[in-house]
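Participant: Pasting the sequence and the predicted model now:
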Amino acid sequence: MAAGRRHFGSIRKRESGRYQVRYPGPDGRQRNAPDTFARKRDADQYLSMIEAQMMRGEWIDPERAKVTLGDYAERWIAQRPNLRPRTVALYRWLLGKHIAPYLGDTELGRLDTPLIREWRAELLGNGVSESMAAKAYRLLRAVLMTAVNEDELLRKNPCRIPGADQEKAPERPVLTMAQALKLAELMEDRYRALVLVTTFACLRWGEVSALQRQDIDADAGLIRIRQAYTEVRGIGLVLGPPKSRAGVRTVSVPAAVMPALRDHLAAFVDDNPNALAFTGPNGRPIWRGNLNKLIGWSAAVSKLGVPGLHFHDLRHTGNTLAARTGASTRELMARMGHDSPQAAMIYQHATAEADRAIAQAVNVAMKAERKKANKAAAGDAPAKSKGKGGKPKKSDASKKSDGSKKAGKGKRRGDDLDDGMAGAVARRR
């Protein structure tokens, strides 16, 4: 066998001193390794790896992975099924702003985890927020996952950075019941019901802004959500289905909200079943971008004492109030319009108010248990003989314990409670 030859593929030393690798694919065509190697041993190991991949059926033709990330991602967005217009716009913006300028010209086959890590670090170093970097990372990971699982252009996804997909958004404020009602009172008559319905029916902005008269059953106190507005840059308002399949739903409205909603329908909504329920003074749909100015939001929330409150926080408030009623996860999912239980479970976390109630309930139970233990102790105590003057006569054991009682005078009240509880448990045994 000639020098530099082996049973699979070939290794040739170039004039530069580096080693070039060639090997046949399953179709018989010869292919070059994407890079040359400084040592022959490295080249030989590469050939062994390629041969093993072919034997296991895991080999991927590197020629197919020469498509650039920018071109592949553009096609991915265009061909992705069931994306809402706003999502498409967001993906294209993220690709053009945060991904393509850094990685767009890189071939898929040359992407690796160190390069992805360097890209993310550069984003953060250029002032991009962690939240926005996480969004860009999740998009890139989804694109490359298709390249791995569906198109089989890559063996594994290089987006493998722990925590890079997580957004650490600050906790949003939640209004009390009194604050939510007060905020509605601070609104003009035309927008009072808008605040009440958004809050207590737990609606998204796109859902409440697309409600029509025919969607509201003022007698039964029901609202049917079947469509939603989205604002798409360069296009405008687009009317389409709700955010998820579970978003199509019927929501019961608290009876206390219905008088304000009925007054609103009578005063500001046309009798046409297709008339929008909530509009501006000109009768047109309300854009999210001019909502704050239109309804005097900033002044109202400042007067309420929560100047950082966003309109979407009304839905957050409604979801939290609903969770406090003790509703199950599935019931919350149905009301909120979520397919996944994760979102509903967020609102079932213990609030400070609920935590205090738990502590109070435990305290009551502890007091009851201590009282029960003391009664049991009194009932089990043997009759004591009386000494001089009618006083109970101390036993030898009691006399011996006097010293220890004096020594234990400094014990805290909590220690006494613990000892009492422990004694009660011991007596039950």
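Facilitator: Everything's here; your move.

Participant: Show me what whichever strand or helix holds residue 223 is packed against.
Facilitator: Per DSSP states H and E: residue 223 is located in strand 222-225. For strand 222-225, the packing partners by 3 or more Cβ pairs under 8 Å, 6 or more residues apart in numbering; DSSP states H and E come out as strand 216-217, strand 249-252. In this view, the C-beta of every residue, glycine as well, is placed from N, C-alpha and C.

Participant: run the last query once more with 6 Å
Facilitator: Identification of packing neighbours for strand 222-225 by 3 or more Cβ pairs under 6 Å, 6 or more residues apart in numbering; DSSP states H and E yields strand 249-252.

Participant: got the buried residues for the strand holding residue 223?
Facilitator: 223, 225 (16 or more other Cβ atoms under 10 Å).

Participant: Can you name the next helix or strand after it?
Facilitator: strand 228-232.

Participant: so who does residue 304 touch?
Facilitator: residue 183 (Cβ atoms under 6 Å, 6 or more residues apart in numbering).

Participant: again, only using 8 Å
Facilitator: 179, 182, 183, 186 (Cβ atoms under 8 Å, 6 or more residues apart in numbering).

Participant: buried subset of the residues you listed?
Facilitator: Applying 16+ other Cβ under 10 Å to these flags 179, 183, 186 as buried.

Participant: Secondary structure added to those residues, as a markdown table?
Facilitator: Converted to a markdown table, those look like this (DSSP: H, G, I helix; E, B strand; the rest coil):
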| residue | secondary structure |
| --- | --- |
| 179 | helix |
| 183 | helix |
| 186 | helix |
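
Participant: Just the closest of those residues to residue 211, please.
Facilitator: residue 183 (19.5 Å; Cβ to Cβ).

Participant: my guess is that closest one contacts residue 177, does it?
Facilitator: No. Residue 183 is beyond contact range of residue 177, at 11.0 Å (criterion: Cβ atoms under 8 Å).

Participant: on that earlier part again, mind putting the contacts of residue 304 in CSV, distance to residue 73 and pLDDT included?
Facilitator: Listed next are these as CSV, based on distance: Cβ to Cβ, whole Å; pLDDT from 0 to 100:
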residue, distance to residue 73, pLDDT
179, 44, 94
182, 48, 95
183, 43, 96
186, 46, 96
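
Participant: For stretch 220-233, output the C-alpha coordinates as PDB.
Facilitator: Only the C-alpha atoms of stretch 220-233 are listed here, as PDB (Å, rounded to 0.1, in the frame of the first residue of the first chain):
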ATOM      1  CA  ALA A 220     -75.900  36.100  30.600                       C
ATOM      2  CA  GLY A 221     -72.700  38.000  31.500                       C
ATOM      3  CA  LEU A 222     -70.500  36.200  28.900                       C
ATOM      4  CA  ILE A 223     -67.800  37.400  26.500                       C
ATOM      5  CA  ARG A 224     -66.800  35.200  23.500                       C
ATOM      6  CA  ILE A 225     -63.200  35.600  22.300                       C
ATOM      7  CA  ARG A 226     -62.800  34.500  18.700                       C
ATOM      8  CA  GLN A 227     -60.400  37.000  17.200                       C
ATOM      9  CA  ALA A 228     -57.600  39.400  18.000                       C
ATOM     10  CA  TYR A 229     -55.800  42.400  16.600                       C
ATOM     11  CA  THR A 230     -52.100  42.400  16.100                       C
ATOM     12  CA  GLU A 231     -50.000  45.400  15.000                       C
ATOM     13  CA  VAL A 232     -47.500  44.500  12.300                       C
ATOM     14  CA  ARG A 233     -44.800  47.000  11.400                       C
END
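
Participant: how much distance is there from that stretch to the middle of the chain?
Facilitator: Distance of stretch 220-233 from its chain centroid, counting by Cα atoms, centre = their mean, to the nearest Å, is 22 Å.

Participant: Can you list the low-confidence ranges for the stretch 1-150 of the chain?
Facilitator: Low-confidence segments of the stretch 1-150 of the chain (pLDDT under 70): 1-6.

Participant: mind listing the strands for it?
Facilitator: With strands called from DSSP state E, counting those that start in this stretch, the stretch 1-150 of the chain shows them at 10-13, 19-24, 30-32.

Participant: Tell me which residues are up against the longest one.
Facilitator: When contacts are defined by Cβ under 8 Å, 6+ apart, strand 19-24 is touched by residues 8-14, 30-33, 36-40, 42-43, 46-47, 50-51.

Participant: what mean pLDDT does the helix or strand hosting residue 333 have?
Facilitator: Residue 333 is located in helix 329-336, with elements delineated by DSSP H and E. Across helix 329-336, the average pLDDT comes to 83.

Participant: who does it touch, helix- and strand-wise?
Facilitator: strand 249-252, helix 313-323, helix 341-346.

Participant: Need the winner for burial among the ones you listed.
Facilitator: helix 313-323 (a mean of 22; mean count of other Cβ atoms under 10 Å).

Participant: what's the angle between that one and helix 329-336?
Facilitator: Angle between the axes of helix 313-323 and helix 329-336 is 150 degrees (criterion: axes from the mean of the first three to the mean of the last three Cα atoms, to 10 degrees).

Participant: just how off-centre is helix 313-323 within its chain?
Facilitator: 15 Å.

Participant: do the same with stretch 310-317
Facilitator: With Cα atoms, centre = their mean, you get 16 Å for stretch 310-317.

Participant: Ok, stretch 307-318 next?
Facilitator: 17 Å.

Participant: got a list of contacts for stretch 182-192?
Facilitator: 175, 194-196, 199, 260, 264, 267-268, 278, 281, 294-296, 300-301, 303-304.

Participant: related to what we said a few turns ago, relative to residue 108, which of the strands of the stretch 1-150 of the chain is closest?
Facilitator: The closest of those to residue 108 is strand 30-32. By Cβ to Cβ, the value is 16.4 Å.

Participant: helices and strands around the closest one, which ones?
Facilitator: Partner elements for strand 30-32 (3+ Cβ pairs under 8 Å, 6+ apart): strand 19-24.
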